[in-house]
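Asker: generate coordinates for the sequence data below:
(chains A and B)
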2 protein chains.
Amino acid sequence: MSLTQKLINDGNAAVDEMLAGVLAAHPKHLRLAAPRAVVAQNGPRPGKVALVIGGGSGHEPTFLGFVGKGLADACAVGNVFASPPPQPCVDAAMAADGGAGVLFMYGNYAGDVMNFDMATELLEMEGIEARTVLTTDDIASSADPAKRRGVAGNVFIFKAAGAAADLALPLDQVERIARHANARTYTMGVALSACSLPQTRRLNFDLPSGEMEIGMGIHGEPGIRRGALKPANAVADEIMDAILAEMNAPAGAKVAVLVNSLGSTPLMELYILYARVAERLAAANLMIHSSLVGPYCTSMEMAGASITVMHLDDELTQMLDHPCDCAMFRVG
Amino acid sequence: MSLTQKLINDGNAAVDEMLAGVLAAHPKHLRLAAPRAVVAQNGPRPGKVALVIGGGSGHEPTFLGFVGKGLADACAVGNVFASPPPQPCVDAAMAADGGAGVLFMYGNYAGDVMNFDMATELLEMEGIEARTVLTTDDIASSADPAKRRGVAGNVFIFKAAGAAADLALPLDQVERIARHANARTYTMGVALSACSLPQTRRLNFDLPSGEMEIGMGIHGEPGIRRGALKPANAVADEIMDAILAEMNAPAGAKVAVLVNSLGSTPLMELYILYARVAERLAAANLMIHSSLVGPYCTSMEMAGASITVMHLDDELTQMLDHPCDCAMFRVG
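Answerer: Model (predicted):
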């Protein structure tokens, strides 16, 4: 099989070279606190809970792009599809610490849990209280909500927690809002192609032309079913059937919507999906309060998309509408 | 050869279905004035020059995404890689007309020139003065600047003209600034794969694995040379050598930079390129005033990237920094 065409220099240096580019491109938003630990230029702010996110690279603009005023205070940067080790998590937290505690937020993956938990213990030895809220929005990844993976819904969940922290709410409240946001956020994706690591440039799984995999994870984790590639509306319907059943929101409820590219799927296709998602939400008497369409949580150059719906209430609406100004994401 | 995997319903309906999704997702920014004619919700504004952009679809967020306060007032939407016919251009212009004249801006392609010129004649019969500034930023497309194609540099050039119009400058001045912006904007791209039309889902040219084409256009127009895919820094150097030679800016000059994805090239690779671009600009004693990194002018799912540098002066700096609030692009 041929190697994936990538604009890189050295697969093993790709993350560090990307990071150099991100820091060069966003000097008003980001600075390097320590190796693989990026902190917002705006901060730390005394008395404010520090929201620290992170995880493997390859999902850009997740996670680096969501660091900035009103959202995350810092980010720990792992290798491609690999958790950061404890040290960058500690360094990110200490650089962002405002004396009101640290909230770690990241997707529910075993490697991330292990490394951030170790970071939490190291911070405790420094006298810094750190808590964790895992994102678990991928409804295709397990029947048990607690065992689900965190995927594109991250952007809404991090946004809600970041707003709570920016409003100077205490750690208990920021944690509560983060858990509440996560519990009301539902994502399912569809993959149309594999992707490949920069180190190998070889596809990380095989998905024959003409087929799709519903529910595939953002590192190529197996989905719910594989079958013939269907028209966009049928794909959107299959995903929306699952989301609407899980969400079980009453008529008249407000939602936020994200139609996300997994990497190489262009805006044209995302907007075709969005049109169907909007029709389905209207048919269910749900009101779209805000929406995002574009690459927000990617899997390198994987083809495919995910749909996220967040079931809003007044508090979550306030948190999503709260201004933020990040390297790669702005609201307000 | 296998068909490209796309999330569409019907290739012939893809543009209209995309447009329905765009209008559904951006009701605060956009409304449909007539078939394939999209106008900003903000407007028309009496006494303001109407900036009307447009061209073929398949380059999203170009052109639709740049409609909104402070940038374009309206947009005519063509089929994929095909100029809009005259009627949507006329309809877009009439919906945006504020009584101070219309400026059409679009990339220099024969089909677009023919159709927008016919629209200009039709508008004259309605008593509306319309002028045209073609974008010609692709330095790989011809040795003669007047014969060059317009590509990703559009975003800077449209931005400058849109700011001038938003500042209520008269048509003469808006046109002058648009021409000045275009003359100082330099783009070159590199393709790593072909793309395919939704109607056929067949690759529009053949680019073997392991090869790249420097200077390829955003519809697959032939580039300067084809050769082995090189490391990102070598690719950036080849492009920057050409741009810096053309631009010939004095030490200490300010520039704006865009590293653009042609579709499926992820942010990781764009930022690796950006790091090298920033090094090259620093070595030439040029100051980066602002930068954009991401998909701004795409070619469906083509792999590859382009680099744009705009040579700023005080006037262009003011125009780029002027706030805008568009469906898919914001400044300030």
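
Asker: now residue A:103, which residues is it bridged with?
Answerer: residue A:51, residue A:131 (DSSP bridges).

Asker: could you count how many residues lie near it?
Answerer: Residues lying near residue A:103 (other C-beta atoms under 10 Å in any protein chain shown) number 27. No exception for glycine: its C-beta is placed from N, CA and C like everyone else's.

Asker: same question, the one 4 residues further on
Answerer: Applying other C-beta under 10 Å, we find 31 residues neighbouring residue A:107.

Asker: tell me the contacts of the closest residue to it other than its chain neighbours?
Answerer: Setting aside the residues directly before and after it, residue A:107 is nearest to residue A:150 in space (C-beta to C-beta, 6 or more residues apart in numbering or on different chains), at 2.8 Å. Residues near residue A:150 by C-beta atoms under 8 Å, 6 or more residues apart in numbering or on different chains: A:106, A:107, A:108, A:109, A:134, A:135, A:136, A:137, A:138, A:157.

Asker: which of those sits closest to chain B?
Answerer: residue A:107 (17.8 Å; C-beta to the nearest C-beta).

Asker: could you list the buried residues of the helix or strand that residue A:246 is a member of?
Answerer: Using DSSP states H and E, residue A:246 sits in helix A:232-247. For helix A:232-247, the neighbour count (16 or more other C-beta atoms under 10 Å in any protein chain shown) marks A:232, A:233, A:235, A:236, A:237, A:238, A:239, A:240, A:242, A:243, A:244, A:247 as buried.

Asker: swap in stretch A:207-221?
Answerer: A:207, A:212, A:213, A:214, A:215, A:216, A:217, A:218, A:219, A:220, A:221.

Asker: would JSON lines of the residues you listed with secondary structure, pLDDT and distance to chain B be doable?
Answerer: Listed next are the buried residues of stretch A:207-221 as JSON lines, based on DSSP: H, G, I helix; E, B strand; the rest coil; pLDDT from 0 to 100; distance: C-beta to the nearest C-beta, whole Å:
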{"residue": "A:207", "secondary structure": "coil", "pLDDT": "93", "distance to chain B": "9"}
{"residue": "A:212", "secondary structure": "strand", "pLDDT": "97", "distance to chain B": "7"}
{"residue": "A:213", "secondary structure": "strand", "pLDDT": "97", "distance to chain B": "11"}
{"residue": "A:214", "secondary structure": "strand", "pLDDT": "97", "distance to chain B": "12"}
{"residue": "A:215", "secondary structure": "coil", "pLDDT": "96", "distance to chain B": "15"}
{"residue": "A:216", "secondary structure": "coil", "pLDDT": "94", "distance to chain B": "13"}
{"residue": "A:217", "secondary structure": "coil", "pLDDT": "95", "distance to chain B": "17"}
{"residue": "A:218", "secondary structure": "coil", "pLDDT": "95", "distance to chain B": "12"}
{"residue": "A:219", "secondary structure": "coil", "pLDDT": "95", "distance to chain B": "14"}
{"residue": "A:220", "secondary structure": "coil", "pLDDT": "92", "distance to chain B": "15"}
{"residue": "A:221", "secondary structure": "coil", "pLDDT": "94", "distance to chain B": "19"}
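
Asker: reformat those as JSON lines; add distance to residue B:24.
Answerer: Formatted as JSON lines, the buried residues of stretch A:207-221 follow (distance: C-beta to C-beta, whole Å):
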{"residue": "A:207", "distance to residue B:24": "30"}
{"residue": "A:212", "distance to residue B:24": "24"}
{"residue": "A:213", "distance to residue B:24": "27"}
{"residue": "A:214", "distance to residue B:24": "23"}
{"residue": "A:215", "distance to residue B:24": "25"}
{"residue": "A:216", "distance to residue B:24": "26"}
{"residue": "A:217", "distance to residue B:24": "28"}
{"residue": "A:218", "distance to residue B:24": "26"}
{"residue": "A:219", "distance to residue B:24": "31"}
{"residue": "A:220", "distance to residue B:24": "31"}
{"residue": "A:221", "distance to residue B:24": "31"}
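
Asker: determine which two of those are furthest apart.
Answerer: Farthest apart among those by C-beta to C-beta are A:212 and A:219. That separation is 17.3 Å.

Asker: and chain B, is the helix holding residue A:246 touching that?
Answerer: Yes - Helix A:232-247 reaches chain B (C-beta under 8 Å from any C-beta of the partner chain) through A:232, A:233, A:235.

Asker: and whichever helix or strand comes after that helix, how far from the chain's centre?
Answerer: Per DSSP H and E, helix A:232-247 leads on to strand A:254-261 as the next helix or strand towards the C-terminus. The chain centre lies 13 Å from the centre of strand A:254-261; the measure is C-alpha atoms, centre = their mean, to the nearest Å.

Asker: what do you get for stretch A:80-88?
Answerer: Counting by C-alpha atoms, centre = their mean, stretch A:80-88 comes out at 16 Å from the chain centroid.

Asker: so what touches it?
Answerer: A:14-15, A:34-37, A:54-58, A:76-78, A:109, A:111-112, A:114-116, A:118-119, A:122, A:197-199, A:219, A:300, B:268.

Asker: let's see that with 6 Å instead.
Answerer: Contact partners of stretch A:80-88, identified using C-beta atoms under 6 Å, 6 or more residues apart in numbering or on different chains, comprise A:36-37, A:54, A:56-58, A:76-78, A:111-112, A:115, A:118-119, A:197, A:219.

Asker: quick check: of those residues, which lies closest to residue A:290?
Answerer: With C-beta to C-beta as the yardstick, the closest approach to residue A:290 among the contacts of stretch A:80-88 comes from residue A:54, at 25.4 Å.

Asker: make sure that closest one is indeed in a helix.
Answerer: No - counting by DSSP: H, G, I helix; E, B strand; the rest coil, residue A:54 is not part of a helix but strand.

Asker: can you pull up the bridge partners for the nearest residue to it once chain neighbours are set aside?
Answerer: Distances taken as C-beta to C-beta, 6+ apart put residue A:76 closest to residue A:54, at 3.3 Å, once the chain neighbours are dropped. Listed by DSSP bridges, the beta-bridge partners for residue A:76 are residue A:37, residue A:54.

Asker: element containing the residue of the stretch 1-150 of chain A found nearest chain B?
Answerer: Residue nearest to chain B within the stretch 1-150 of chain A (C-beta to the nearest C-beta): residue A:21, separated by 3.3 Å. Using DSSP H and E, residue A:21 sits within helix A:14-25.

Asker: and that helix with helix B:232-247, angle?
Answerer: What separates the directions of helix A:14-25 and helix B:232-247 is an angle of 30 degrees, with axes from the mean of the first three to the mean of the last three C-alpha atoms, to 10 degrees.
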